[in-house]
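Visitor: predicted model and sequence below, questions to follow.
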Amino acid sequence: MKRHVFSTTAFSGALLAAAAFASPAMAQDDEQFITIGTGGQTGVYYVVGQSICRLVNRLEDSDIKCNAPSTGGSVANINGIKSGELDMGVAQSDVQYQAYNGTGNFEGEPYEELRAVFRVHGEPLTLLARADSGIETLDDLEGKRVNIGNPGSGQRNTMEVVMDAKGWTEDTFSLASQLDAAEQAAALADNNVDAMVYVVGHPNGSIQEATTTVDARLIPLNDEDIQGIVDEYPYYSASVIPGGLYRGNDEDVETFGVAATFVTTAEADEEVIYQTVKAVFDNFDRFKRLHPAFENLVPEEMVTQGLSAPLHDGAARYYREQGWIE
Ligand code: GLU
């Protein structure tokens, strides 16, 4: 898995910049640099990371300097935390579960030092097809050109679960492309693929870009095989993409989904994680205004639901002070 970790040039560039900036020769004694792994720039993870950093960098009496580069997504973020190149990251709840327990793409390699910080917004599996592709149901993907997502992304991870349930392989499609999240909308609009798959909060820039540049439809994922997935795994649940968010998609669309979660490692400094969650929750109204997908977030739920790894000690300290956990 590791070789897939850093799939975007933006990420490596930002890391190099961060590394140079953080070199002991330049940093003041007490400054701490933290890097948060996000996702593609037209997704919501990028906004999660940028928003957290914005609040952390405003903290008074703190020398934490935070940056949140674009990355390949959930799996890349967890692998980046594991290898020490990232301090924290955003990851789908299914990926968090699989990484901590050593299942799925992490089979046999449980990452026991993985720590949960909080849950963020819901993320439905979003299948968007060109209106002229003839795709109306999930099964219609057979024989079509489908972007199944870059290795390292959460959508690729979840799409593989769907493909297993269907008994599909990459050969099921006439083309199984692996474009990064940020490249998908243009590929759909340019007719290089018939459909794209994205596990993402709504509304988001990528689906907006695709639906405004080409006639495209959100396809329901609610058949028996999907029901089977939801029944089998505790971290998947039925979900709805509300109608009216995107051009040409006025009706609600039934699908299934996960939650975005914020994670770190047990090795991360207790005070840094404490200060990071304090920055977010002391300024929670401001945080919620930074993206419409954050609108309905409730702190008590964010710290108790959708998390399978144990809470990081620094996060637990703040939540206990607030009376949100025992
Ligand atoms: N869920 C996607 C992933 O894990 C990222 C979605 C986003 O960037 O908002 O790769």
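Guide: That came through fine.

Visitor: where along the stretch 1-150 of the chain do the helices fall?
Guide: For the stretch 1-150 of the chain, helices defined by DSSP state H, counting those that start in this stretch occupy the ranges 9-21, 45-58, 74-82, 93-101.

Visitor: give me the residue from the stretch 201-326 of the chain nearest the ligand.
Guide: The minimum distance from the stretch 201-326 of the chain to the ligand, using Cβ to the nearest ligand atom, falls at residue 201 (5.8 Å). For the C-beta atoms, the positions are set from N, CA and C on the backbone; glycine is no exception.

Visitor: please name the nearest non-neighbouring residue to that residue.
Guide: residue 293 (3.5 Å; Cβ to Cβ, 6 or more residues apart in numbering).

Visitor: wait, a helix at the one you found?
Guide: Yes. Residue 293 sits within a helix when classified using DSSP: H, G, I helix; E, B strand; the rest coil.

Visitor: how about residue 54, nearest residue that isn't a chain neighbour?
Guide: Residue nearest to residue 54 in three dimensions, not counting chain neighbours: residue 290, with 7.6 Å by Cβ to Cβ, 6+ apart.

Visitor: contact partners for the residue lying closest to residue 204 once chain neighbours are set aside?
Guide: When the adjacent residues along the chain are set aside, residue 204 lies closest to residue 44, with 5.4 Å between them (Cβ to Cβ, 6+ apart). Each residue near residue 44 by Cβ atoms under 8 Å, 6 or more residues apart in numbering is listed here: 121, 123, 200, 201, 204, 260, 291, 293.

Visitor: kindly reformat these as CSV containing distance to residue 326.
Guide: Listed next are the contacts of residue 44 as CSV, based on distance: Cβ to Cβ, whole Å:
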residue, distance to residue 326
121, 26
123, 28
200, 33
201, 30
204, 35
260, 25
291, 31
293, 29
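
Visitor: hmm, which of these are the buried ones?
Guide: 121, 123, 200, 201, 204, 260, 291, 293 (16 or more other Cβ atoms under 10 Å).

Visitor: and the gap between the second one and residue 53?
Guide: Counting by Cβ to Cβ, to the nearest Å, the gap between residue 123 and residue 53 amounts to 21 Å.

Visitor: just the element for residue 157, please.
Guide: In this assignment (DSSP states H and E), residue 157 forms part of helix 154-166.

Visitor: strands paired with the helix or strand following that helix, and their directions?
Guide: With elements assigned by DSSP H and E, the helix or strand that comes after helix 154-166 is strand 175-177. Applying DSSP bridges, strand 175-177 is found paired with strand 145-147 (parallel).
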